[in-house]
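>>> Provided below for reference: sequence and predicted model.
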Amino acid sequence: FPSWHLLLPLGQAVAQRSVKGTWMGSTTLPCTYEPSEGFTEQTLRWSVERDDSTATIFRRDDSGDHVLLSRFRGRVSVPKHSPGNASLLIENLEIPDSGHYTCQVVWRSKNNTRASVTWARLLCLPVAATKPVVRASEPGLTFPAGASASLTCVASGSPPISYRWFRGAPGGTALLLGSQAELAWDSLQPSDTGEYYCEAENRVGAGAAQRSDAVELTVRGDHLQPDTLPFAPVTTGSYFLKARLSTGNS
């Protein structure tokens, strides 16, 4: 990106540049200036305006660097020991990071105070859902009847991501089973044997759903055997049972 280096009266702003970033990627908002002899940098401040409110993200002064917005902590930085470079690096971009950013550098001399102000508009671009993969709750896809099991549809991309589960072959006749990321069975039956696949979709990519490869689930006819209950040895001996018979006339 071209840099802007200017000396302006404090508080005066100039032209704006647009910077694009990708969700979960990183980008740098440029802010550079030409150091002037006799002036020393006093403060550096980055702020963001979004939804008609402005907040300071980053501030550098004599006490050090401070990230003032909690959602940016661990994700933003400004080069140190690099005179003239006050650019802001934002990592792990999130959709709410889109907004208008302002860089303000204030210098001070014995006789004057001057500032360089740069505006930038950051647009964080969403990412379409990727082709999902199916993960089983247990290794392998063969289970005895009566077992519990689950299949999970996993995709990446900008949230929110919606999921759908189907039974059948992709591209053929399929039965919609549910619209959650996980498909679960409390007690599998042999009739559950078959092919399953899932789809993932978000608002990016013109609403095109991404489809997983089909997986084959096999349920054996033998049921799970209940756990053997512990028992205590029975002591041998003689027992007498006393009973009384009553008739309706008594």
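Sure thing, it's come through. Numbering: from 1, shown residues only.
>>> ok, residue 181 touching residue 152?
Yes. The pair residue 181 / residue 152 is scored as a contact, 6.0 Å apart, by C-beta atoms under 8 Å. C-beta coordinates here come from the backbone N, C-alpha and C atoms, glycine included.
>>> what ranges of the protein fall below the confidence cut-off?
Residues of the chain meeting the criterion pLDDT under 70: 1-16, 113, 115, 205-207, 222-250.
>>> how's it carved up into domains?
16-125, 133-223 (automatic domain parsing).
>>> from the contact counts, what lies against the lengthiest strand in the chain?
Secondary structure of the chain per DSSP state E: the longest strand is strand 113-125. Strand 113-125 sits against strand 16-22, strand 27-29, strand 99-108, with contacts defined as 3 or more C-beta pairs under 8 Å, 6 or more residues apart in numbering; DSSP states H and E.
>>> and the second one, which strands flank it?
This points to strand 27-29. Here strand 27-29 is paired, per DSSP bridges, with strand 88-90 (antiparallel).
>>> name the residues of the partner strand that are buried.
88, 90 (16 or more other C-beta atoms under 10 Å).
>>> okay, which residue is most central for the chain?
The chain has residue 159 as the residue nearest its centroid, 7.0 Å off, counting by C-alpha atoms, centre = their mean.
>>> just give the nearest non-adjacent residue to that one, would you?
residue 202 (7.1 Å; C-beta to C-beta, 6 or more residues apart in numbering).
>>> same check, this time on residue 103
Nearest to residue 103 is residue 31, by C-beta to C-beta, 6+ apart, at 3.5 Å.
>>> picking up where we left off before, need the helices and strands packed on strand 113-125 in JSON lines (columns: distance to residue 163 and mean neighbour count).
Output for the helices and strands packed on strand 113-125, formatted as JSON lines (distance: least, C-beta to C-beta, whole Å; neighbours: other C-beta atoms under 10 Å):
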{"stretch": "strand 16-22", "distance to residue 163": "23", "mean neighbour count": "14"}
{"stretch": "strand 27-29", "distance to residue 163": "30", "mean neighbour count": "20"}
{"stretch": "strand 99-108", "distance to residue 163": "30", "mean neighbour count": "20"}
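>>> which of those sits closest to residue 60?
strand 99-108 (9.2 Å; C-beta to C-beta).
>>> parallel or antiparallel, list what pairs with that closest one.
Here strand 99-108 is paired, per DSSP bridges, with strand 40-50 (antiparallel), strand 113-125 (antiparallel).
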